[in-house]
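1. predicted structure and sequence below. I'll ask about it afterward.
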Amino acid sequence: MLYNVPNLLTFLRILAIPLFVGIFYFPHNWLLPENQNLVATLIFASAAITDWLDGYLARVMNQTSAFGAFLDPVADKLMVSAALIVLVYLGRLDAPIALIIIGREIAISALREWMAQIGKSKSVAVSFLGKIKTTSQMIAIPLLLYHDAIGEHFDPQLIGTWLIYIAAFLTLLSMFYYLKVALPLALKEEKKNF
């Protein structure tokens, strides 16, 4: 089921990435600089909502598919990576934090792919720690994108920075957790091949 509602929502998320990045390159007569932050935040938030919605619809409408299961996390990782790179470009995020988060996503994706090939994909299912990391990250990124103070006492940049540091720390913890689970399986697989 390549063309169903959940997969179309996922495709829309991927297609929104160039628009999301392009917001900060549009001529000022198209979009005023003070509106760029708001529009980028709304696009990212919409992508996050459709991420939840496509999974929900896939289950409710019984439209789950192997292609959708593959494409959904790819779309998420692309959008998050694009957002982190934009934030580094804007000077709102330190490059090492972005590298930790993006590097972990690549490493764990490769690990999950390898584990699936040896029939142990359930061993590296998403952990509770990973869910907390994702939640922290998905709140931090819109706050960092919005950037501008809200009222006298709410500083999205400050709160977003703390949350993204927490997400980076949890990123490393969850990566070590996945590697700890996978390492014995990898060694066992190595012995089998000799």
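-> Okay, I see it. Just so it is clear, the structure is predicted and the values come from calculations on it, not from any experiment.
2. contact partners of stretch 58-75?
-> 1-2, 4-7, 10-11, 13-14, 51, 54-55, 57, 109 (CB atoms under 8 Å, 6 or more residues apart in numbering). Yep, even glycine has a C-beta here, placed from its N, CA and C like the rest.
3. identify the farthest-apart pair in those.
-> The two members of these with the most space between them (CB to CB) are Val5 and Ser109, at 25.1 Å.
4. that older thread, buried ones only from the contacts of stretch 58-75, please, as a ChimeraX command.
-> Typed into ChimeraX, the next command selects the buried ones out of those (criterion: 16 or more other CB atoms under 10 Å):
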select :4,6,7,10,13,51,54,55,57
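5. which one of the contacts of stretch 58-75 is nearest Ala40?
-> Arg13 (14.6 Å).
6. distance check, Phe70 against Phe176.
-> Here Phe70 is placed at a distance of 26 Å from Phe176 (CB to CB, to the nearest Å).
7. what do you get for Met115?
-> Counting by CB to CB, the gap from Met115 to Phe176 is 16 Å.
8. more neighbours: which of these two?
-> More neighbours surround Met115 than the other of Met115 and Phe176, with 21 against 12 (other CB atoms under 10 Å).
9. look up how far Ile159 lies from that one.
-> 36 Å.
10. output stretch 83-102 as CSV, restricted to C-alpha atoms.
-> Taking Å, rounded to 0.1, in the frame of the first residue of the first chain, the C-alpha atoms of stretch 83-102 are listed here in CSV:
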residue,chain,number,x,y,z
ALA,A,83,16.2,21.6,11.7
LEU,A,84,19.4,21.0,13.7
ILE,A,85,21.6,22.2,10.7
VAL,A,86,19.4,25.3,10.3
LEU,A,87,19.8,26.1,14.0
VAL,A,88,23.6,25.7,13.8
TYR,A,89,23.6,28.0,10.7
LEU,A,90,21.5,30.6,12.7
GLY,A,91,23.9,30.4,15.6
ARG,A,92,21.2,29.1,18.0
LEU,A,93,22.8,25.7,18.5
ASP,A,94,26.3,24.5,19.0
ALA,A,95,27.6,22.2,16.2
PRO,A,96,28.8,19.5,18.6
ILE,A,97,25.3,19.1,20.0
ALA,A,98,23.8,18.7,16.4
LEU,A,99,26.6,16.2,15.5
ILE,A,100,25.8,14.1,18.6
ILE,A,101,22.1,13.9,17.8
ILE,A,102,22.5,13.4,14.0
